[in-house]
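In: generate a structure from the sequence data that follows.
(chains A and B)
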Amino acid sequence: MKHFTTDIIIGLEVHAELDTKTKLFCSCPTKGSEEPNTRTCEVCLGMPGSKPVLNKKAVEFALKLCLALNCEISPELIFSRKSYFYPDMAKNYQISQYEIPLGKDGKLRLSSGKEVGITRVHMEEDPASLVHPAGMKESAYALVDYNRSGNPLVEIVTEPELASPDEARDFMKQLISVLNYLEIFDIDSGIIKADANVSIKESGYTRVEIKNVTGFKEIERALVYEVNRQKEESKHNKKIEQETRSWDSERGITFSLRKKETEEDYGYIIDTDLTAVEIDGRWLKEIKKAMPELAQDKVKRFVHSYKIKKEDAGIIAADKELAELFEAAAKEVNPELAARWIRRDVARVLNYHNKKLKESGITAKLLIDLLKMAEQKKITDNTGKMIIEKLFFEPFDVKEYVKKEKLEAVSDISELEKYCKEAIEENPQAVNDYKNGEKKALNFIVGVVMKKTKGKATPKEVNEIISRLIKI
Amino acid sequence: MATNQFIEKIKNQEIDIVEHTEKLIEESKEINKEYNYLNIISEELALQQADSLKKLIKNKDKSIKNKKLLGIAVSVKDSICVKDVESTAGSRILQGYKPLFDAFAVQRVKEEGGIIIGKTCQDEFGFGGFSVNVGIGCKVPLNPFDKERSCGGSSGGAAGLSQKLDGHIALGESTGGSIVEPASFCGVYGLCPTYGRVSRYGLIDFANSLDKIGPMGKNIEDAALLIGVISGHDAKDSTSLNVKNENYESYLKKPVKGMKIGIIKEAFGSGVEREVEKNVYNGIEELEEEGAKAEEISLELPIKYGIATYYMIATSEASTNLAKLCGMRYGMAEKLEGSFNEYFTKVRSNNFGDEVKRRIIIGTFARMAGYRDAFYLKAMKVRTLMINEYKKAFKKFDALVSPTTSILAPKFSDIGNLTPLQHYMIDLMTVSPNVCGLPHLNVPVGFEKNLPIGMLLTADHLQEGKLIKLGSAVEKGK
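Out: Model prediction:
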């Protein structure tokens, strides 16, 4: 038995859909008509007599992932039949991989810097989807839609090295970032699911499997629930059983599916309808050449060539769109300034609305216009923030807007002084308080000036002027 | 009439293609009443094909000129899909399954002007050697020379019909000997090609790494003609070989002088009926008279482990192939009730025959964790060793020779009483070439008690040409 050093042990099996145009073993499209059973043929319906033919593009995509995860790559791609009876299976076996996965012994770095071992990466076909018209429990029957049947999937299995639900979430997030960078996963409509193995010290590390969790936020929720459940039960001296549980996202609980006495026997045999595909050095070299720079490499490069903070670089590079936005901006304005604005303001607005950059009105050109004005102190930080918030909803000409709304920063000292003097005259009480040693009173007067200038002055400057005018 | 003469007569309209087809359909019906060779007679499809070909012939359409099978009737083993024609592989569980597509071999036959006349009966999914394991509700085909005897199997209907119906060639299929063995019992030529030579697209799988489609016919010319039509690379079957297609007919009636033949020592003697042995030796002598040189050879591994290896691989693969048949998407259905597991069980229990159930159980067992290494994976390794031994033999010999089966076509009443040794010997020679994907040919070499006897010739991968050459030399000597 492995000696565990952490109180919580989590391992993940993640399934992600590869974003190919056609299915893994036939030429049916992976996207298009949502009318049930319209994107099907004799192969993905498992009709007697039909035979699978491998989609090489899907292999290329899976190889990209193996390379990005630093996996050792098998010299041959061999498919096996995983046999079990289930109504969503067109053939009652799934074409998957068994003895020799495409990739093994890889790793993925979490945002904390911790490396998580990847046991294996393999390819398989997606089953059909089951539709329960009146909900899973109540329906007297289920309908089967084979549109998804045969879509290409990759399965990524981690070592049991994740020590908390938070780490599991971060792992998923980093993995999605890699998939997105490689352009092998459709971040908008692609499905990513995970099964998690979780055990805690209190139970003597009895393994419980949670099935069918979709997305990285859900994985954290499900694991937090499950860890707490196991801790609670252990506290009350209840035995944690080795079992498979399902995650009910709506109710926010896990529930027992089946007790696990033995491993399920899938009776794997090699699928001899498919010949072994040789993965030679030349092919791998071509794929490597075409691979984009990944987030973790980008962080290093951003820090090195743009001299921005590692923390900023990390947040920007994790999102491919933000990284591209940053690189565009860094060419036009001071990179540090660009990094600060993108990390602090653009990311904040997007997070707040839970949207992606391309779903907002913020474009590279408009942001650069804005950053240029900020760099030249033509607008204040407050004005900049306000404009970004506004840009989120729809694009507009930033320069024109600043001019029209008279938002240029008041940089003329004499004009600023005029506002400051007014404020001092209008607030004798505050001036007196300040003179009597109440420092906060100064902030009040600065606030009055900011209001008068509609945020077009920088608080620092106003502060200096007022301090100068009210000589103690 | 020789096939090429017949095609000429169809082309110059001496023979009317529609009338001829109608006549053959009538004959088939008559034969079927007595012998049960066809599960389905595809009269409508045949006449449709004949009609549209007739128009082309009348208009002297250019496309007619090179059609290699113009007007030739071709029957298709039930396990090979014909578009819109019920294709059940002889099983009740597939009753009502009308494929949406033609098998590659069928498509090629149609392209060359061959007329599809029907689906020939077989052991259910190919599980048997006497065509007595036909599916529930199917009829057992009877030997064309003695109705109390078996046609052999599993391509029993194809072999019987080839013997009985002139002007017809059959598409058979072999997993462990299902082309040559019934060919031997029915006195026809059966050519099982190299694995991958003919696309398996559209073949209802028995064992994916063993299944081969091949021609069966009353003379070697017909077999050579049909194999030429159905061979060739097919992108829809990943195991289809991408090699240049040959002109197989060019091997007919060519001298065999100097060719070397290995007589498989273990295939003669104990367990082999004396009449069989005698006739096969006669066949070998004929080849020697034509100038071929024969010499004994021992094939240890294939003889010792061929059958065990075959059963492990074939049943393992078959048990996964048959899993899809559960009454959900096609074929037989039962009343919808209970859980999906209960429903699948009901469909499979009621509609699979006993032999099918037996093989599913064996195959599932051989794949189970804890047994895979000892059975399935070991069988895969032994197969490689067997191929190596054959390859060594083919460095010295052009072809290996043995009886196709050790016995004459058995009486139905005797099949249950065959001794274990006889049973074993019947498959002994046909199984190993199948396991190793080697091309092999049944050549009729004589009659005893009015029953035909066949000689088996096996060649190295892709050497079908040598088999045709040798088979043609024996035919010439007759």
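
In: all contacts plus neighbour counts: C-alpha atoms, from now on.
Out: Fine.

In: what about the residue lying closest to B:F344 once chain neighbours are set aside, which SS state?
Out: Leaving aside its sequence neighbours, B:F344 sits nearest to B:C326 (CA to CA, 6 or more residues apart in numbering or on different chains; 5.0 Å). With DSSP: H, G, I helix; E, B strand; the rest coil as the basis, B:C326 sits in coil.

In: now for B:C326: which residues touch it?
Out: Applying CA atoms under 8 Å, 6 or more residues apart in numbering or on different chains, we find B:C326 in contact with B:A333, B:F344, B:T345, B:V347, B:R348.

In: so for chain B, which residue is the most central one in space?
Out: B:I179 (2.8 Å; CA atoms, centre = their mean).

In: quick one, helices of the stretch 101-250 of chain B?
Out: B:104-111, B:156-164, B:180-186, B:220-230 (DSSP state H, counting those that start in this stretch).

In: can you say which of those helices is packed in most?
Out: The highest mean neighbour count among the helices of the stretch 101-250 of chain B, using mean count of other CA atoms under 10 Å in any protein chain shown, belongs to helix B:180-186: a mean of 34.

In: check which helices and strands that helix sits against.
Out: Counting contacts by 3 or more CA pairs under 8 Å, 6 or more residues apart in numbering or on different chains; DSSP states H and E, helix B:180-186 packs against helix B:156-164, strand B:189-192, strand B:440-448, strand B:451-458.

In: by how many degrees do the last one and strand B:440-448 diverge?
Out: Translated: strand B:451-458. 150 degrees (axes from the mean of the first three to the mean of the last three CA atoms, to 10 degrees).

In: pull out the buried positions in the helix or strand following strand B:451-458.
Out: Counting by DSSP states H and E, the element after strand B:451-458 in chain order, helix or strand, is helix B:464-477. Across helix B:464-477, burial judged by 16 or more other CA atoms under 10 Å in any protein chain shown covers B:E464, B:G465, B:K466, B:L467, B:I468, B:K469, B:L470, B:G471, B:S472, B:A473, B:V474, B:E475.

In: ok, so of those residues, who is nearest A:I192?
Out: Checking the buried residues of helix B:464-477 against A:I192 by CA to CA gives B:E464 as the nearest, at 50.6 Å.

In: state the distance from the closest one to A:I362.
Out: Distance of B:E464 to A:I362, computed by CA to CA, to the nearest Å: 69 Å.

In: give me the neighbour count for B:N450.
Out: 9 (other CA atoms under 10 Å in any protein chain shown).

In: in this structure it contacts B:F145, no?
Out: Yes: judged on CA atoms under 8 Å, B:N450 makes contact with B:F145 at a distance of 7.0 Å.

In: hey, where'd the helices end up in the stretch 351-472 of chain A?
Out: Shown for the stretch 351-472 of chain A, the helices assigned by DSSP H, counting those that start in this stretch span residues A:364-375, A:381-393, A:398-404, A:413-426, A:428-435, A:440-452, A:459-469.

In: now the lengthiest helix in chain B: buried residues?
Out: Determined from DSSP state H, the single longest helix within chain B is helix B:300-321. The neighbour-count check on helix B:300-321 (16+ other CA under 10 Å) flags B:301-303, B:305-307, B:309-321 as buried.

In: what does stretch B:81-91 give?
Out: Residues B:C81, B:V82, B:K83, B:V85, B:E86, B:S87, B:T88, B:A89, B:G90, B:S91 are the ones in stretch B:81-91 that count as buried (16+ other CA under 10 Å).

In: burial count for the residue nearest to the fifth one when sequence neighbours are not counted?
Out: Computed as CA to CA, 6+ apart, the closest residue to B:E86 that is not its neighbour in sequence is B:K98, at 4.3 Å. Other residues within reach of B:K98, judged by other CA under 10 Å, total 17.

In: what sits against B:K98?
Out: B:V82, B:K83, B:D84, B:V85, B:E86, B:S87.

In: just the pLDDT for the fifth one.
Out: As summarised for this prediction, B:E86 has a pLDDT of 97.

In: check the second one too.
Out: Confidence per residue is given as pLDDT, and for B:K83 that number is 98.

In: how far away is B:F397 from B:K469?
Out: Taken as CA to CA, the span from B:F397 to B:K469 is 14 Å.

In: also B:E14?
Out: Distance of B:E14 to B:K469, given as CA to CA: 32 Å.

In: next one: B:A183
Out: 18 Å.

In: what does B:C192 give?
Out: In terms of CA to CA, B:C192 sits 15 Å off from B:K469.

In: buried set for the worst-scoring helix or strand of chain B on mean pLDDT?
Out: Within chain B, no helix or strand scores below helix B:420-435, which has a mean of 86 by mean pLDDT, DSSP states H and E. By neighbour count on 16+ other CA under 10 Å, the buried set for helix B:420-435 is B:422-423, B:425-435.

In: now do stretch B:44-59
Out: In stretch B:44-59, the ones that count as buried by 16+ other CA under 10 Å are B:L45, B:A46, B:L47, B:Q49, B:A50, B:D51, B:L53, B:K54, B:I57.

In: of those residues, just say which sits nearest to chain A.
Out: B:L45 (19.8 Å; CA to the nearest CA).

In: element containing that closest one?
Out: helix B:43-58.

In: need the helices and strands packed on helix B:180-186 in JSON lines (columns: mean pLDDT).
Out: Below are the helices and strands packed on helix B:180-186 laid out as JSON lines (pLDDT from 0 to 100):
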{"stretch": "helix B:156-164", "mean pLDDT": "98"}
{"stretch": "strand B:189-192", "mean pLDDT": "98"}
{"stretch": "strand B:440-448", "mean pLDDT": "97"}
{"stretch": "strand B:451-458", "mean pLDDT": "98"}
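
In: show me which of these has the highest average neighbour count.
Out: Highest mean neighbour count among these (mean count of other CA under 10 Å): strand B:189-192, with a mean of 34.

In: let's verify the residue of the stretch 201-350 of chain A found nearest chain B: helix, strand, or coil?
Out: Going by CA to the nearest CA, chain B is nearest to A:G267 of the stretch 201-350 of chain A, at 4.7 Å. Following three-state DSSP, the label given to A:G267 is coil.

In: rewinding a little: what's the most distant pair in the contacts of B:C326?
Out: B:A333 and B:T345 (11.4 Å).

In: what about those two, which has more around it?
Out: It is B:A333, of B:A333 and B:T345, that has more neighbours when counted by other CA under 10 Å, with 20 against 13.

In: once you drop chain neighbours, what's closest to the more buried one?
Out: B:G327 (4.5 Å).

In: could you check the pLDDT of the one you found?
Out: 96.

In: wait, it sits on B:L336?
Out: No: the pair B:G327 / B:L336 is not scored as a contact, 9.7 Å apart, by CA under 8 Å.

In: and the gap between B:F447 and A:E76?
Out: 51 Å.

In: what's around the residue of the stretch 201-350 of chain A closest to chain B, how many residues?
Out: Using other CA under 10 Å: A:G267 sits among 23 other residues.

In: do the same with B:K392
Out: There are 11 residues near B:K392, going by other CA under 10 Å.

In: quick check, it in a strand?
Out: No: using three-state DSSP, the assignment for B:K392 is helix, not a strand.

In: would B:V18 count as being in a helix?
Out: Yes: applying three-state DSSP, one finds B:V18 inside a helix.

In: which residue packs closest to it, ignoring adjacent ones?
Out: Here the residue nearest B:V18, using CA to CA, 6+ apart, is B:A50, at 5.2 Å.

In: OK, contacts around the one you found?
Out: Contacts of B:A50 (CA under 8 Å, 6+ apart): B:I17, B:V18, B:T21, B:G71, B:I115.

In: so what's it scoring on pLDDT?
Out: pLDDT, read off for B:A50, is 98.

In: that one and B:G71: what is the separation?
Out: As judged by CA to CA, B:A50 and B:G71 stand 7 Å apart.
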